[in-house]
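**Q** predicted structure and sequence below. I'll ask about it afterward.
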Amino acid sequence: MSKYKVSIRYSTSLLEIAISKNLLEVISADVDFILNVFRSSSELVSVMKSPVIKGQLKISIIDEIFKDKTNFETLNFLRFVVKKRRENYLVNILEKYLDLRDEHLCIANVDVKTAYEFDEEQSNALQANLEKKLNKQVRLNYSIDKTILGGFIARIGDTMYDASIKHQLKLLQKKFTEGGVTLN
């Protein structure tokens, strides 16, 4: 089974558990915590992906790290993933869970590149415009890219809104070279 199918199947299952047991916030916080642990420990990732290390030892390691720091349902889910021998997909499953959770809550994650850091007023205006356009709550993730000169580039999934000065200059150049603009 492909990594995508495994991730969807297991993350959907975790989301259903979270919703049915009214633990969406708790399990989401656990997932954030677990992902941070995995991202900061390449050794833990190596252990989980190793075919040489037995499943029971992996479950013991998970228990040792997460038992007192996560909800029982989250811990049970981690154990279940290991028992089903899908632990090498664990990070992908947890990341997909966060995507599905945001989808369930009607939250759009937007990656925004700007030439400089937006002030609060600009950020609020962009957020309000995107929320109105998408009809969803928007979570903005900013990064700085000096090459765009000014404006911004917003990416929501596969959709990109390019309001950068660099893009506008390219469009203007194209119009000039095609003869679409006349000067009086």
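**A** Good, I have the coordinates. None of these values were measured; they are calculated from a predicted model. Residues are numbered from 1 along each chain as shown.
**Q** which residues touch stretch 47-63?
**A** F38, L44, L75, L78, R79, V82, K83, R85, E87, N88, L90 (C-beta atoms under 8 Å, 6 or more residues apart in numbering). C-betas here are computed from N, CA, C, even on glycine.
**Q** next: stretch 19-33.
**A** Under C-beta under 8 Å, 6+ apart, the answer for stretch 19-33 is 14, 17-18, 66, 69-71, 73-74, 94, 97-98, 101, 104.
**Q** which among the residues you listed end up buried?
**A** L14, I17, A18, F66, T70, N71, E73, T74, L94, Y97, L98, R101 (16 or more other C-beta atoms under 10 Å).
**Q** JSON lines for the contacts of stretch 19-33, including secondary structure?
**A** As requested, the contacts of stretch 19-33 are exported to JSON lines (DSSP: H, G, I helix; E, B strand; the rest coil):
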{"residue": "L14", "secondary structure": "helix"}
{"residue": "I17", "secondary structure": "helix"}
{"residue": "A18", "secondary structure": "helix"}
{"residue": "F66", "secondary structure": "helix"}
{"residue": "K69", "secondary structure": "coil"}
{"residue": "T70", "secondary structure": "coil"}
{"residue": "N71", "secondary structure": "coil"}
{"residue": "E73", "secondary structure": "helix"}
{"residue": "T74", "secondary structure": "helix"}
{"residue": "L94", "secondary structure": "helix"}
{"residue": "Y97", "secondary structure": "helix"}
{"residue": "L98", "secondary structure": "helix"}
{"residue": "R101", "secondary structure": "helix"}
{"residue": "H104", "secondary structure": "helix"}
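**Q** in TSV: the residues you listed, plus distance to Q137 and pLDDT.
**A** Below are the contacts of stretch 19-33 laid out as TSV (distance: C-beta to C-beta, whole Å; pLDDT from 0 to 100):
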residue	distance to Q137	pLDDT
L14	22	96
I17	23	95
A18	18	96
F66	29	95
K69	28	94
T70	26	95
N71	25	95
E73	25	95
T74	24	96
L94	22	96
Y97	18	96
L98	15	95
R101	13	95
H104	12	94
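**Q** now those as a markdown table including distance to N141?
**A** Shown next, in a markdown table, are the contacts of stretch 19-33 (distance: C-beta to C-beta, whole Å):
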| residue | distance to N141 |
| --- | --- |
| L14 | 23 |
| I17 | 27 |
| A18 | 23 |
| F66 | 26 |
| K69 | 26 |
| T70 | 25 |
| N71 | 26 |
| E73 | 28 |
| T74 | 24 |
| L94 | 18 |
| Y97 | 18 |
| L98 | 13 |
| R101 | 16 |
| H104 | 19 |
